[in-house]
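just coords:
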(Lines give C-alpha, C1' and ligand atoms only; values in the text may rest on other atoms or scores of the structure.)
Protein backbone atom coordinates (compact mmCIF):
# COMPACT_ATOMS: atom_id res chain seq x y z
CA UNK A 1 0.00 0.00 0.00
CA UNK A 2 1.08 3.58 -0.60
CA UNK A 3 2.23 5.73 2.29
CA UNK A 4 -0.67 6.49 4.64
CA UNK A 5 -2.90 3.78 3.13
CA UNK A 6 -3.93 0.49 4.65
CA UNK A 7 -4.24 -2.75 2.70
CA UNK A 8 -7.84 -3.73 1.97
CA UNK A 9 -7.35 -7.43 1.26
CA UNK A 10 -9.23 -9.96 3.37
CA UNK A 11 -12.03 -9.57 5.86
CA UNK A 12 -12.21 -6.98 8.61
CA UNK A 13 -12.27 -9.76 11.20
CA UNK A 14 -8.82 -10.84 9.96
CA UNK A 15 -7.46 -7.39 10.86
CA UNK A 16 -9.26 -6.76 14.14
CA UNK A 17 -6.01 -6.39 16.10
CA UNK A 18 -4.81 -3.77 13.62
CA UNK A 19 -8.12 -1.91 13.96
CA UNK A 20 -7.81 -1.90 17.77
CA UNK A 21 -4.34 -0.37 17.47
CA UNK A 22 -5.36 2.46 15.12
CA UNK A 23 -5.22 5.90 16.68
CA UNK A 24 -5.99 9.35 15.37
CA UNK A 25 -4.34 12.46 16.77
CA UNK A 26 -6.88 14.87 18.20
CA UNK A 27 -5.24 17.73 16.31
CA UNK A 28 -5.75 15.86 13.02
CA UNK A 29 -9.43 15.33 13.81
CA UNK A 30 -9.74 19.06 14.57
CA UNK A 31 -8.47 19.75 11.03
CA UNK A 32 -10.60 17.05 9.41
CA UNK A 33 -13.88 18.35 10.84
CA UNK A 34 -13.27 21.61 8.98
CA UNK A 35 -13.44 19.86 5.58
CA UNK A 36 -16.79 20.20 3.79
CA UNK A 37 -17.01 16.48 2.97
CA UNK A 38 -16.37 15.55 6.62
CA UNK A 39 -18.96 18.08 7.81
CA UNK A 40 -21.44 16.56 5.37
CA UNK A 41 -20.67 13.02 6.55
CA UNK A 42 -21.19 14.09 10.17
CA UNK A 43 -24.44 15.83 9.21
CA UNK A 44 -25.56 12.65 7.42
CA UNK A 45 -24.82 10.74 10.64
CA UNK A 46 -27.02 13.24 12.54
CA UNK A 47 -24.14 14.63 14.62
CA UNK A 48 -25.09 18.03 16.01
CA UNK A 49 -23.02 20.85 14.44
CA UNK A 50 -22.17 22.13 17.94
CA UNK A 51 -20.71 18.72 18.77
CA UNK A 52 -18.81 18.66 15.47
CA UNK A 53 -16.80 21.73 16.48
CA UNK A 54 -15.43 20.01 19.60
CA UNK A 55 -15.48 16.43 18.34
CA UNK A 56 -11.85 15.69 19.20
CA UNK A 57 -12.38 16.86 22.78
CA UNK A 58 -15.53 14.76 23.11
CA UNK A 59 -13.96 11.60 21.69
CA UNK A 60 -10.62 11.73 23.57
CA UNK A 61 -11.72 10.22 26.88
CA UNK A 62 -8.38 10.52 28.67
CA UNK A 63 -7.27 13.83 27.08
CA UNK A 64 -4.15 12.02 25.89
CA UNK A 65 -4.15 13.68 22.47
CA UNK A 66 -5.11 10.56 20.54
CA UNK A 67 -8.40 8.81 19.80
CA UNK A 68 -8.49 5.07 19.29
CA UNK A 69 -10.59 3.65 16.48
CA UNK A 70 -12.85 2.00 19.05
CA UNK A 71 -13.35 5.26 21.00
CA UNK A 72 -14.06 7.05 17.72
CA UNK A 73 -16.69 4.52 16.63
CA UNK A 74 -18.34 4.35 20.07
CA UNK A 75 -18.31 8.14 20.44
CA UNK A 76 -19.85 8.78 17.03
CA UNK A 77 -22.51 6.17 17.78
CA UNK A 78 -23.40 7.88 21.07
CA UNK A 79 -23.46 11.38 19.55
CA UNK A 80 -25.99 10.51 16.86
CA UNK A 81 -29.37 12.19 17.17
CA UNK A 82 -30.93 14.10 20.01
CA UNK A 83 -30.23 13.19 23.63
CA UNK A 84 -32.89 10.93 25.12
CA UNK A 85 -34.15 10.91 28.65
CA UNK A 86 -32.39 7.57 29.23
CA UNK A 87 -29.07 9.22 28.26
CA UNK A 88 -29.57 11.86 30.94
CA UNK A 89 -30.54 9.29 33.59
CA UNK A 90 -27.51 7.16 32.67
CA UNK A 91 -25.14 10.13 33.06
CA UNK A 92 -26.77 11.11 36.35
CA UNK A 93 -26.24 7.60 37.71
CA UNK A 94 -22.61 7.56 36.55
CA UNK A 95 -21.98 10.91 38.28
CA UNK A 96 -23.48 9.56 41.51
CA UNK A 97 -21.27 6.47 41.34
CA UNK A 98 -18.22 8.67 40.78
CA UNK A 99 -19.19 10.89 43.73
CA UNK A 100 -19.42 7.82 45.95
CA UNK A 101 -16.02 6.56 44.76
CA UNK A 102 -14.44 9.97 45.38
CA UNK A 103 -15.99 10.14 48.83
CA UNK A 104 -14.68 6.66 49.71
CA UNK A 105 -11.23 7.59 48.41
CA UNK A 106 -11.26 10.81 50.44
CA UNK A 107 -12.21 8.88 53.58
CA UNK A 108 -9.40 6.37 53.00
CA UNK A 109 -6.84 9.14 52.41
CA UNK A 110 -7.93 10.97 55.57
CA UNK A 111 -7.61 7.73 57.56
CA UNK A 112 -4.11 7.11 56.20
CA UNK A 113 -3.15 10.73 56.89
CA UNK A 114 -4.33 10.49 60.52
CA UNK A 115 -2.17 7.37 61.01
CA UNK A 116 0.99 9.14 59.87
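Yes, it's here. Note that this is a predicted model, so its numbers are computed, not measured. Numbering: from 1, shown residues only.

Now for the residue most central in space within the chain: which residues touch it?
Centrality entry for the chain: nearest residue to the mean C-alpha point is residue 59, 2.8 Å, by CA atoms, centre = their mean. Taking CB atoms under 8 Å, 6 or more residues apart in numbering, we find residue 59 in contact with 26, 29, 67, 71-72, 75-76. Every C-beta, even on glycine, is put in place using the N, C-alpha and C of the backbone.

quick one: residue 60 from residue 92, how far?
23 Å (CB to CB, to the nearest Å).

scratch that, residue 33 is what I was asking about
29 Å.

The two: which has the busier surroundings?
Neighbours of residue 33 and residue 92, each counted by other CB atoms under 10 Å, are more numerous for residue 33; the result is 18 against 10.

wait, isn't the more buried one in contact with residue 52?
Yes: counting by CB atoms under 8 Å, residue 33 touches residue 52, with 5.5 Å between them.

Sketch out the low-pLDDT regions of this protein for me.
1-9, 12 (pLDDT under 70).
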